[in-house]
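*Asks:* give me coordinates for this.
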Amino acid sequence: MSILMVFRVALKALARNKMRTALTMLGMIIGVGAVITMVALGTGAQSSIETQIQAAGTNMIMVSAGNFMSAGVRTGQGNASTLTPDDATAIRDVSGVQYIAAGVNTRGQVVAGNLNWGTQIQGTDVDLPLIRSWPTAKGAFFSPADVASAAKVAVLGSVVHEQLFGADVDPVGQVIRINNQPFTVVGVMSSKGQSGMGQDQDDVVYTPYTTVMKKLRGITYVQNITVSAASAADTAPTAERIATLLRTRHQIQEEDDFMVRTMEEMASVRVQATETMTALLASIAGVSLLVGGIGIMNIMLVSVTERTREIGLRLAIGARGRDVLMQFLVEAIVLSMVGGVIGIGLGLGLSQGVTLWMSWPTKVSPEAVAVAFVFAAVTGVFFGFYPARKAAALDPIDALRFE
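*Replies:* The predicted structure is shown next:
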């Protein structure tokens, strides 16, 4: 019997019991639809978590000066003058580096009118808001031209803004004094709260690092270089490439005169969250498809019993056992494949519905759709084989006697 004839017979058999066929496919439809929806929700949640963790600095690499011996004494982090702006420029060309900001820090008294506030003055570069995923609430961050010219411009943290001007006052364009030097306010950062180390990230004033170097501290080196890797997974290799570059530039033979650190704890949280989510989705997929497959096998066994005389008649007039096996196997595969296709459409619709109605992030990947379709086909073959084999193994005489 040709494969085309097998499909025609299988489709006619399924069409004879439309309600039962539809209910049988319903298990596969719900299973595959649930898998697509849950994978979309999980992938969307992972993307959201990834964005939030990256905003906290998972893919951030800190390069600090220090870590060298002087007369037998370890000077500690940030006390050396070994990192230079040229080092930061060279690091920008390292493979895997997305953003970079050199940094020089100091503390100072900030004065606005008759109000003053002691805070941290952080000299940095224009890439810092991109590294930290940190937008401004008012105005804008300073420009590359400000960095190049060591301009006296400042971006206020929200705490400094409130202490000096009040929350409702726009300070952009106002002049403040930092250590008795006038600075023009060009922006205010949005509130970010405390860091993982307990530091208030809003109690700070940002200025170009060149300004802090030349006009507030009178130095020619930088204390740290903050780097953002292109992806969280590439953070460690990028950090190693940066360390290799600095060893070459500083002509280091033994102990490094710098420190390269990654946010290992945050990266660990990301890995654990991803693994947990993956295991959860795999379990849901397995249970959903198992239920749908068992439903197909159950109905096919019932179909074999109902059509025993038909099977016996076919075998008696010359049909081979493999023809009967192929017919019932094709029926099971058609049930699972059609149910899988409808289930994929249902999953796509539910994913969009969840995003529109509940504002939950969802992301349907082509890989998830392909895997669901393949699983539907495999489920039909796996759970349809036993009923098909049972039908093919019937004795023609006993089958014709069956009432």
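*Asks:* now the helices for the stretch 1-150 of the chain?
*Replies:* 3-16, 18-56, 85-91, 128-132, 144-149 (DSSP state H, counting those that start in this stretch).
*Asks:* show residues contacting the shortest one.
*Replies:* The set of residues external to helix 128-132 that reach it, using C-beta atoms under 8 Å, 6 or more residues apart in numbering, is 55, 57, 60, 99-101, 134-136, 141, 189, 192, 206, 226-228. (C-beta placed from N, C-alpha, C; glycine too.)
*Asks:* switch the cut-off to 10 Å
*Replies:* With C-beta atoms under 10 Å, 6 or more residues apart in numbering as the test, helix 128-132 has contacts from 54-57, 59-61, 98-103, 122, 124-125, 134-136, 140-142, 155, 187, 189-190, 192, 201, 206, 209, 226-229.
*Asks:* okay if I get the helices of the stretch 1-150 of the chain as CSV plus distance to S288?
*Replies:* Below are the helices of the stretch 1-150 of the chain laid out as CSV (distance: least, C-beta to C-beta, whole Å):
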stretch, distance to S288
helix 3-16, 22
helix 18-56, 4
helix 85-91, 48
helix 128-132, 40
helix 144-149, 53
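*Asks:* out of those, which comes closest to V160?
*Replies:* helix 128-132 (16.0 Å; C-beta to C-beta).
*Asks:* for Y206, the count of nearby residues, please.
*Replies:* Look at Y206: counted by other C-beta atoms under 10 Å, it has 26 neighbours.
*Asks:* contacting residues around it?
*Replies:* Counting by C-beta under 10 Å, 6+ apart, Y206 has contacts 103, 120-125, 128-129, 141-142, 153-157, 160, 186-187, 189, 212.
*Asks:* the stretch 151-300 of the chain: helices as residue ranges?
*Replies:* Assigned by DSSP H, counting those that start in this stretch, the stretch 151-300 of the chain shows helices spanning 158-164, 209-211, 235-249, 264-306.
*Asks:* run through who's touching the first one.
*Replies:* Here helix 158-164 makes contact (C-beta under 10 Å, 6+ apart) with 110-113, 115-120, 137-138, 154-157, 167-171, 174, 176, 185, 187-193, 200-206.
*Asks:* of the residues you listed, buried ones?
*Replies:* 110-112, 117, 119-120, 138, 154-157, 171, 174, 176, 185, 187-189, 192, 201-206 (16 or more other C-beta atoms under 10 Å).
*Asks:* ok, for G27, nearest residue in space, not its chain neighbours?
*Replies:* Nearest residue to G27 in three dimensions, chain neighbours excluded: G295, at 3.6 Å (C-beta to C-beta, 6 or more residues apart in numbering).
*Asks:* now that neighbour: how far from R389?
*Replies:* 19 Å (C-beta to C-beta, to the nearest Å).
*Asks:* have a look at these two and say which one is more surrounded.
*Replies:* A direct count of neighbours by other C-beta under 10 Å for G295 and R389 places G295 higher, at 22 against 15.
*Asks:* for G380, see how far away the more buried one is.
*Replies:* Counting by C-beta to C-beta, the gap from G295 to G380 is 11 Å.
*Asks:* which neighbours do those two share?
*Replies:* Counting by C-beta under 10 Å, 6+ apart, the residues touching both G295 and G380 are M28, L335, S336, G339.
*Asks:* may I ask which two of the residues you listed are separated the most?
*Replies:* Most distant of the shared contacts of G295 and G380, by C-beta to C-beta, are M28 and L335, 6.9 Å apart.
*Asks:* give the residues shared as contacts by the two.
*Replies:* Each of G292, G295, I296, A376, T379, G380, F383 lies in contact with both M28 and L335 under the rule C-beta under 10 Å, 6+ apart.
*Asks:* which one of the residues you listed is nearest to E240?
*Replies:* For these, the nearest to E240 is A376 (44.0 Å; C-beta to C-beta).
*Asks:* my guess is that closest one contacts G347. True?
*Replies:* No: applying C-beta atoms under 10 Å as the test, A376 and G347 come out as separate, 11.6 Å apart.
*Asks:* more neighbours: which of these two?
*Replies:* Of the pair A376 and G347, A376 is the one with more neighbours under other C-beta under 10 Å, namely 28 against 25.
*Asks:* for that one, which three-state class applies?
*Replies:* Assigned by DSSP: H, G, I helix; E, B strand; the rest coil, the conformation of A376 is helix.
*Asks:* now it. Nearest residue, chain neighbours left out?
*Replies:* Using C-beta to C-beta, 6+ apart, the nearest residue to A376 is G340, at 2.7 Å.
*Asks:* wait, a helix at that neighbour?
*Replies:* Yes: the assignment for G340 by three-state DSSP puts it in a helix.
*Asks:* how about it, what does it touch?
*Replies:* 25, 28-29, 31-33, 35-36, 289, 292, 369, 372-377, 379-380.
*Asks:* now, of these, which are buried?
*Replies:* Those of those that meet the buried threshold are 25, 28-29, 31-33, 35-36, 289, 292, 369, 372-373, 375-376, 379-380, by 16+ other C-beta under 10 Å.
*Asks:* from N179, how far out is V354?
*Replies:* Distance from V354 to N179, by C-beta to C-beta: 54 Å.
*Asks:* next, count neighbours for the residue lying closest to V364 once chain neighbours are set aside.
*Replies:* Nearest non-adjacent residue to V364, counting by C-beta to C-beta, 6+ apart: A40, 4.5 Å away. Close neighbours of A40, defined as other C-beta under 10 Å, add up to 25.
*Asks:* who's in contact with A40?
*Replies:* By C-beta under 10 Å, 6+ apart, the neighbours of A40 are 347-348, 350-352, 354-355, 360-365, 368-369.
*Asks:* filter the residues you listed down to the buried ones and hand me the PyMOL line.
*Replies:* Buried residues within the contacts of A40, by 16+ other C-beta under 10 Å, are selected in PyMOL with:
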select buried, resi 347+348+350+351+354+355+361+362+363+364+368+369
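*Asks:* report the two of the contacts of A40 separated the most.
*Replies:* Maximum distance among those (C-beta to C-beta): 19.2 Å, for W360 and V369.
*Asks:* write the PyMOL selection for whichever of the contacts of helix 128-132 are buried.
*Replies:* This is the PyMOL syntax for the buried subset of those, where burial follows 16+ other C-beta under 10 Å:
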select buried, resi 54+56+57+59+60+61+98+99+100+101+102+103+122+124+125+136+141+142+155+187+189+192+201+206+209+226+227+228+229
